[in-house]
Structure formats: C-alpha cells, structure tokens
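Asks: This is a predicted model, with the sequence first.
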Amino acid sequence: MEYIFGLEFIYLVASVTYIIGLKMLGHPETARRGNLIAAAGMTLAILGTIFLYQGEVPTFIYILIGVAIVIGTIIGWLKAKRVQMTAMPELVSLFNGMGGASAALIGLIEFEHYHGQTLSIVTILGGIIIGSISFSGSMIAYGKLNGTFNKPIRLPKYNLINNVLLLGLFVFAGYIAWTHSESQLFLYLIFFAALAYGILFVVPIGGADMPVVISLLNSFTGLAAALGGFLYGNMVMLTGGILVGSAGTILTFAMCKAMNRPLSNVIFGGFGDKDTTAAEGGSKVTGSIKKATVSDVAILMNYSQKVIIVPGYGLAVAQAQHAIHELEQILESKGVQVKYAIHPVAGRMPGHMNVLLAETNVEYDKLAEMEDVNPEFNSTDVVFVVGANDVVNPAAHNDPSSPIYGMPILDAENAKQIIVNKRTMKPGYAGIDNELFYNQKTSMLFGDAKGVIQELINELKGM
C-alpha cells in the first residue's frame with residue numbers, strides 16, 4: 001500500500017507542476033521556467049511509474065522501456081536543439097502527432113484486456129479515433145508547413161465524404177461497444193479509417209489556417225491522453241490531457257476570433273487555397289508602387305520619433321530576428337521609440353513571432369498585441385513591415401469580395417509613412433494582392449530581410 005500511496009503522491013505533485021507550468025506559460029518572462037517545471041513533473045511521473053509500479057513486470061520489459069526512453073530523449077533533444085525558428089511550427093506539429101499516435105497505440109494494445117466492459121471499450125475506441133486523427137492530421141500539417149504539401153487538395157464533394165466518414169466512425173465504434181465485439185479486424189478498421197479521416201480533414205485546409213489547425217489538433221491529442229488517463233484511473237494522464245485539451249480548444253477559438261471566422265469556415269472553407277480564393281472573388285488591386293532605397297529608409301527612420309515594426313513569416317524565413325533587434329537598439333540609441341506589432345496569427349503557429357523575437361532577447365514590453373497597438377498607428381512616423389502580408393492588408397476592411405474580409409488586421413495603413421520589406425510582390429498565403437502596397441504612403445524596400453536590415457543598420461550607424 002505504501003508504494004501505491006507513494007505513486008499517487010508523485011502523480012499529485014506532477015499534476016500540480018503541470019498546472020503551475022501552464023500558468024507560468026501565460027507570461028513571456030516566466031514561460032521558460034514554467035516549461036521546465038512542467039517537464040520536471042513529467043519526468044517525476046515517468047520515473048514513479050517505472051520504479052513504484054506494483055506488479056510483476058519481466059526484466060526484458062524494463063530494458064525495452066529504458067532503451068525507448070534513451071532513444072526518444074536523444075532524438076527529441078537533438079531535433080529541438082537543431083531546429084531553425086522557421087521550422088518551429090512543423091516541429092510542434094510533429095511532436096503533437098507523436099502524442100496522438102501514442103494515445104492510439106494504447107487503445108490498440110488495451111482493447112483485448114477490457115472485453116465486456118462497455119464504458120472502458122467506449123473510452124478505448126474514443127482514444128483510438130481521436131489519437132489517430134491527431135496523428136495523421138498532424139503529419140499532413142507538418143508536410144504543409146515544410147512545403148511537401150504546399151497546395152490544398154480538394155476532392156469532389158470532400159465535405160460530404162469527410163462528414164460521412166466521421167459519422168461512419170462513430171456508428172461503427174458504437175456497434176463494437178454495444179455488441180461487445182472482440183474482433184481485431186473491426187478494431188483495425190476503426191484505426192485505419194480514423195487515420196484516413198485525419199488526412200482528409202487537413203489536406204483541403206490552406207496554409208493561412210495552419211495556426212488554427214495546429215491548435216485544434218493539439219486539443220485532440222490532449223483529449224486522447226485524457227481518455228487514456230480515464231481508462232487507467234491515472235491522475236497525471238488525466239490532468240495533463242485535460243489541460244492540453246482545454247488549452248488547445250481555447251487557443252483554437254482565440255485564433256478564429258483573431259481572423260473573424262468561425263471554426264467551421266476554417267475546417268470547410270479551405271482559406272489559403274489560391275485557386276479557390278480567385279474563384280470566390282477578391283478584386284485585383286491596380287495602381288503603381290513606389291520603390292525605396294536603403295538610404296531613403298535610413299534617413300526616414302533617423303528623423304522619426306516613433307517606429308513600429310510589424311514582423312511576419314518572411315522575417316523568420318530570412319532568419320533576420322537578430323538583425324531586427326539590432327536595428328531596434330540603434331534606433332533607440334538615437335532617441336526613437338520602437339515597438340513591435342504582433343498579430344495573433346502571424347507566422348505558422350500561435351505565438352510564432354513572440355517566440356522568434358524572444359530568441360533575440362527583445363524586451364517583452366515592446367511586443368504589443370493587435371488590440372493595444374492599433375490605436376497607436378495614427379501617431380507613428382514610420383511603420384516597418386518585414387515579411388508580413390495578409391495581416392496588414394486593408395482589403396480586410398475595404399473589400400467585401402475579398403476572402404479575408406472581416407479579418408481583424410494591424411492598421412499599418414494609418415501610419416504617416418509605411419515601409420514594406422519583401423523579396424517580391426508575390427501575394428501571401430491568402431493568394432490576393434495587398435492594397436497596402438499601392439498606398440500613396442507606402443514605399444517598397446525589396447530584398448532579403450536580413451541583408452536589407454543589415455544595410456539599414458550600417459547606414460544608421462554612419463548618421
């Protein structure tokens with residue numbers, strides 16, 4: 001009994017660390033420490049399960065567990081240490097998919113041990129379905145983010161196909177639970193059908209919606225883990241799963257709110273598909289653009305009082321986060337007030353720009369959220385847009401035919417002068433022209449972000 005009490009106590013401590021860690025993740029200054037606290041709790045729970053479990057376990061199983069932990073630790077550590085910030089979203093998708101796969105495999109293994117127990121079988125089937133969807137969907141999201149599947153694929157009547165398949169999954173699972181079927185064939189049919197649904201679920205969704213999809217799949221993984229905790233009566237799995245599932249769900253709806261679109265539209269709308277957006281409408285912007293030189297922009301910034309930087313995915317691609325921080329420091333040394341305007345869905349995962357800038361030790365109070373910074377654009381001398389596109393496109397306000405109409409954006413158009421750094425005039429993920437580029441106050445500064453910003457720094461140092 002003392003071992004059971006000891007294990008339950010460890011699970012309680014680990015559960016508390018999850019809650020504390022999640023709470024600390026809510027602020028950039030405490031996020032890293034919170035992550036370490038939650039990781040320490042998870043380590044404690046794993047070690048407690050291995051060494052305090054009551055029951056006869058063959059030595060060979062312990063050897064397998066040890067080998068799996070060592071291999072997983074080495075792979076995870078190396079992958080996380082070597083990943084570029086541009087690839088962070090796809091790494092999150094990959095790790096999330098592994099969690100879903102683990103939950104599904106637990107169900108496959110445990111199914112034969114709970115014959116005749118309807119509630120347990122329902123729990124197992126739920127874990128298999130949700131975990132499998134999370135795994136295969138996350139793998140497709142991973143492929144989209146790294147460019148392997150860079151174009152949404154639409155089957156004829158894909159909404160109908162997806163809905164029929166999902167309904168069929170639930171009906172078939174209900175049949176297995178109701179009849180107490182022991183068929184392994186039925187079990188694997190459920191498993192592979194759920195994998196297929198996960199693929200069909202994510203394949204039509206465009207790249208612009210990846211932050212929402214990642215959050216949603218993350219909540220699926222949490223739910224699958226919680227079902228595993230319910231099955232085993234394991235407090236730490238249940239607590240962790242509930243926290244991940246609820247946090248992912250809340251974040252999903254927050255992302256949808258930031259885009260002013262219902263979740264159903266994200267799932268069924270294929271936003272980000274350039275072919276479909278053209279068909280849906282969205283007027284072609286006409287007009288001329290103005291080009292600026294690095295010297296022009298340096299002079300403009302040097303005599304400004306307030307500059308707001310709008311970072312986007314292009315900043316991450318160019319790995320220009322350190323250069324932009326140095327530019328910020330140079331401007332501040334000249335008495336210029338500098339802030340960063342962060343759109344909730346900038347980048348390829350929730351908080352991507354925050355993580356990118358935190359890597360360079362940008363002060364957290366300089367990262368302004370959309371609601372807070374929008375009123376400040378009117379009093380801004382220069383807004384410097386680096387690699388952002390759709391999140392500053394005035395078509396969201398002005399063009400009812402645009403696929404991004406109604407999406408809250410950063411009101412960069414209200415600044416006195418607008419400098420946009422891009423490689424080309426190529427549209428963003430929404431596949432539409434950006435009205436901001438043709439604004440009379442806008443000057444285009446073409447070139448790789450890292451190189452251009454370094455040139456700006458050199459010019460400003462000479463002034």
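Replies: Received the coordinates, thanks.
Asks: so where do the strands sit in the stretch 251-400 of the chain?
Replies: Counting by DSSP state E, counting those that start in this stretch, residue ranges of the strands within the stretch 251-400 of the chain are 306-311, 337-342, 367-369, 382-386.
Asks: so how far is Ala298 from Leu456?
Replies: 5 Å (Cβ to Cβ, to the nearest Å). Backbone N, C-alpha and C define where each C-beta goes, glycine included.
Asks: Give me the nearest residue to the residue nearest the centre of the chain, chain neighbours excluded.
Replies: Nearest to the mean C-alpha position of the chain, by Cα atoms, centre = their mean, lies Met349 at 2.7 Å. Of all residues not flanking Met349 in the chain, Pro89 sits nearest, at 3.8 Å (Cβ to Cβ, 6 or more residues apart in numbering).
Asks: How many residues are close by that neighbour?
Replies: A count of neighbours around Pro89, defined by other Cβ atoms under 10 Å, yields 25.
Asks: Does it touch His352 like I think?
Replies: Yes. Pro89 is in contact with His352 according to Cβ atoms under 8 Å; the separation is 6.2 Å.
Asks: so what sits against both of the two?
Replies: Counting by Cβ atoms under 8 Å, 6 or more residues apart in numbering, the shared contacts of Pro89 and His352 are Pro211.
Asks: still on that earlier bit, now the residue nearest to Met349, what are its backbone angles?
Replies: Main-chain torsions, Pro89, degrees, to the nearest 10: phi -60, psi -40.
Asks: Please report how far it lies from Gly347.
Replies: Using Cβ to Cβ, Pro89 is found at 7 Å from Gly347.
Asks: go on, Gly143?
Replies: Per Cβ to Cβ, Gly143 is found 18 Å from Gly347.
Asks: Which of those two has more residues huddled nearby?
Replies: Set side by side, Gly143 and Gly347 show more neighbours around Gly347, with 28 against 16, by other Cβ under 10 Å.
Asks: so what's that one up against?
Replies: Gly347 sits next to 89, 211, 312-313, 316, 353, 356 when contact means Cβ under 8 Å, 6+ apart.
Asks: Apply 6 Å and report the result again.
Replies: Residues near Gly347 by Cβ atoms under 6 Å, 6 or more residues apart in numbering: 313, 353.
Asks: Point out where the stretch 251-400 of the chain drops to low pLDDT.
Replies: For the stretch 251-400 of the chain, the stretches with pLDDT under 70 are 259-261, 265-287, 348.
Asks: domains in this structure, as residue ranges please.
Replies: Annotated domains of the chain cover 86-271, 294-461 [automatic domain parsing].
Asks: how distant is the last one from the center of its chain?
Replies: Centroid separation for domain 294-461 versus its chain: 21 Å, with Cα atoms, centre = their mean, to the nearest Å.
Asks: Also the first one?
Replies: For domain 86-271, the separation from the chain centroid amounts to 15 Å (computed by Cα atoms, centre = their mean).
Asks: where exactly do the helices run in the stretch 301-450 of the chain?
Replies: 313-317, 321-333, 352-358, 370-373, 395-398, 449-461 (DSSP state H, counting those that start in this stretch).
Asks: among the ones you listed, which is nearest Pro58?
Replies: Closest approach to Pro58 among these (Cβ to Cβ): helix 352-358, 43.2 Å.
Asks: hang on, the earlier thing: quick one, which of Leu456 and Ala298 is more surrounded?
Replies: Under the neighbour definition other Cβ under 10 Å, Leu456 and Ala298 were set side by side, and Leu456 has more, 25 against 22.
Asks: what pLDDT does the more buried one get?
Replies: Looking at Leu456, its pLDDT stands at 94.
Asks: What are the neighbouring residues in contact with it?
Replies: Applying Cβ under 6 Å, 6+ apart to Leu456 gives the contacts 294, 298, 327.
Asks: which ones are touching the first one?
Replies: In other words, Val294. Neighbouring residues of Val294 by Cβ under 6 Å, 6+ apart: 455-456, 459.
Asks: 7 Å - rerun?
Replies: Shown in contact with Val294 (Cβ atoms under 7 Å, 6 or more residues apart in numbering): 452, 455-456, 459.
Asks: go on, the last one?
Replies: For Leu327, the contact set (Cβ under 7 Å, 6+ apart) comprises 453, 456-457.
Asks: cool, the second one as well?
Replies: Counting by Cβ under 7 Å, 6+ apart, Ala298 makes contact with 456, 459-460, 463.
Asks: How many neighbouring residues does Asp372 have?
Replies: 12.
Asks: can you pick the most crowded of the contacts of Val294?
Replies: When neighbours are counted by other Cβ under 10 Å, Leu456 leads these with 25 neighbours.
Asks: returning to that earlier point: look up how far Gln54 lies from the residue nearest to the centre of the chain.
Replies: In terms of Cβ to Cβ, Met349 sits 41 Å off from Gln54.
Asks: what does Lys422 give?
Replies: The gap separating Lys422 from Gln54 is 62 Å, by Cβ to Cβ.
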